[in-house]
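In: starting from these lines, generate the structure:
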Amino acid sequence: MTKLNWGHKIALVYLLFVAGIIYLVVQASRQNIDLVTENYYAEEIQYQQRIDEKNNTQSLSAPLEINVHQGVLTVSFPEEFSQKELKGEVQLYCPSDAKKDLSRNLQMESNKMMISLPEQNQGFHQLKVKWEAEGVKYYFEKNLMLN
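Out: Coordinates of the predicted model:
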């Protein structure tokens, strides 16, 4: 049995360091990195418009009511929209996995919109509701934890 001298020990430390760096590079290259949205830069330019839409939403008589129960997301609009034709969409955005994103056009039923959620849509999501009524645009955003 031979003892390792100090030269062998230094070489072993360097080899372990290089192996560790290579392992970290390989792991980092396997990470899935999704952008916030596909058209991130175009949305950034429209930021002032989004601020105006949020201000319009805050001036409503009541806020949107969001309810998640037994795999169904319900978005309830204030009474002032009951007789108005609404155009827009509801988006459920998952920052950690783009496959869990969900987008639906507004389809109202007695001032509510109901969306059935797939079972795999669990965890942190961001709800984004964009709509327009009588030429006025609105935007609502809320963080949700789906179970």
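In: can you list the domains in the chain?
Out: Annotated domains of the chain cover 1-31, 40-146 [automatic domain parsing].
In: least reliable of those domains going by mean pLDDT?
Out: Lowest mean pLDDT within these: domain 40-146, a mean of 85.
In: and the one helix or strand residue 48 maps to, what other elements does it pack with?
Out: Taking DSSP states H and E as the definition, one finds residue 48 inside helix 47-58. Here helix 47-58 touches strand 136-146, going by 3 or more Cβ pairs under 8 Å, 6 or more residues apart in numbering; DSSP states H and E. Where you see a C-beta, it was placed from the backbone N, CA and C, and this is true even at glycine.
In: what sits opposite the residue nearest the centre of the chain in the beta ladder?
Out: When Cα atoms, centre = their mean is applied to the chain, the residue found nearest the centroid is residue 93 (2.8 Å). Residue 93 has these beta-bridge partners by DSSP bridges: residue 126.
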